[in-house]
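J.: here is the input, now give the coordinates:
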Amino acid sequence: ELTVQDCFAYRRNSCSALKVKKCEGCSFYKTKEQYLLDQKKAQNRIYALDGDKQRHIFETYYGGKREVL
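T.: The predicted model follows:
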């Protein structure tokens, strides 16, 4: 059975995804493995875009770094 401690955002008895730790019924809950898979899918989606759109996304959201993970 999965517990709060299995959540990707659980850090030192707090939540790194939300300002308030309210774990029960949280729609952001996912395991660390699910989180990494979702990150990889997002990265693949970005790489499928044309170069200008990729550059815009990397500059806007990732500080210019081309590696999302």
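J.: buried ones in the longest helix along the chain?
T.: Identified as the longest helix of the chain according to DSSP state H is helix 32-47. Under the neighbour-count criterion of 16 or more other Cβ atoms under 10 Å, helix 32-47 has Ile46 buried. (Glycine included, C-beta is placed from N, CA and C.)
J.: just the element for the residue nearest to Tyr47 when sequence neighbours are not counted, please.
T.: Excluding its sequence neighbours, the residue lying closest to Tyr47 (Cβ to Cβ, 6 or more residues apart in numbering) is Gln54, at 6.9 Å. With secondary structure defined by DSSP states H and E, Gln54 is part of helix 51-61.
J.: and the longest helix of the chain, what does it pack onto?
T.: Helices and strands touching helix 32-47, by 3 or more Cβ pairs under 8 Å, 6 or more residues apart in numbering; DSSP states H and E, are helix 51-61.
J.: before we move on, back to that, quick one: the residue nearest to Tyr47 and Ile46 touch, right?
T.: Yes. Between Gln54 and Ile46 there is a contact under Cβ atoms under 8 Å: 5.8 Å.
J.: below-threshold pLDDT in this protein: ranges please.
T.: The model of the chain has pLDDT under 70 over residues 67-69.
J.: so what does Lys19 have for phi and psi?
T.: phi -70, psi -30 (degrees, to the nearest 10).
J.: all good on my end, thank you.
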